[in-house]
Structure formats: C-alpha cells, structure tokens
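*Asks:* with the sequence up front, the predicted model follows.
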Amino acid sequence: MKKDKFKTDVIFLIEKPEGNLKCDIFAFFPNEYHNKILEPEMFVCYAHIGQHSSCHIDYANKCKKAKPKQYSDLKYELESIGYNLNIVNEF
C-alpha cells in the first residue's frame, strides 16, 4: 500500500493483563479523536486483532509504554497499510 505523506503520531502501549491473559500491545493515536464532539475523551487505537477501534484516555493512561522490541510487529503492520508513523512518548 502507498505510504501516507502525513506523519501520524503514535504511542505503543501494553494492556495490563487480567487473570492469566497475556499482555497485548496496541497503538494509541493521541491526536486522532474517535468522535471529538460526542466522545471527546475517546481516541483512535489499533491492535493486531480488531484493528481500528477507540480507546478512552483514562484507559490509555493506565497502560505502560511498550519497548521497540515489543511493538516492532505492530509497527510493521501499520506501515504496511500505509501509515507514516511518528513515535512519540507522551499524550
């Protein structure tokens, strides 16, 4: 897929496990509102399973930042569908 010319800010986060579930990595887009007017605290996110979705800012704040080795597969997936990523560390 053709790469986007616009750089999209992204933070890769690790969901906290519940019970015996493993931790999942997801991409959180801090400047991409899911619906800014109706849900101003919901932002676009992306995961291997489920792909694009929404994420509440409070939930994102409870997650840990992933390390490059942990998010490399997801970064590659996003770039393969056209994203031009700018990895940031803060919301």
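*Replies:* Received, thanks. Numbering: from 1, shown residues only.
*Asks:* and stretch 57-72, what's its mean pLDDT?
*Replies:* Mean pLDDT, computed over stretch 57-72, is 95.
*Asks:* and that stretch, how far apart are its ends?
*Replies:* For stretch 57-72, the separation between the terminal residues is 23 Å (Cα to Cα, to the nearest Å).
*Asks:* how about that stretch: buried residues?
*Replies:* Residues Y59, A60, C63, A66, Q70, Y71 are the ones in stretch 57-72 that count as buried (16 or more other Cβ atoms under 10 Å). Yep, even glycine has a C-beta here, placed from its N, CA and C like the rest.
*Asks:* next one: stretch 39-51
*Replies:* So for stretch 39-51, counting by 16+ other Cβ under 10 Å, buried means M42, F43, V44, C45, Y46, A47.
*Asks:* how far out from the middle of the chain is it?
*Replies:* Here stretch 39-51 is found 7 Å from its chain centre; the criterion is Cα atoms, centre = their mean, to the nearest Å.
*Asks:* which residues are contacting that stretch?
*Replies:* Residues from elsewhere that reach stretch 39-51 (Cβ atoms under 8 Å, 6 or more residues apart in numbering): 24-30, 32-35, 52-58, 60, 73-74, 77-78.
*Asks:* mind redoing it with 10 Å?
*Replies:* By Cβ atoms under 10 Å, 6 or more residues apart in numbering, the list of residues contacting stretch 39-51 from outside reads 8, 10-13, 15, 24-36, 52-60, 73-74, 77-78, 81, 83, 91.
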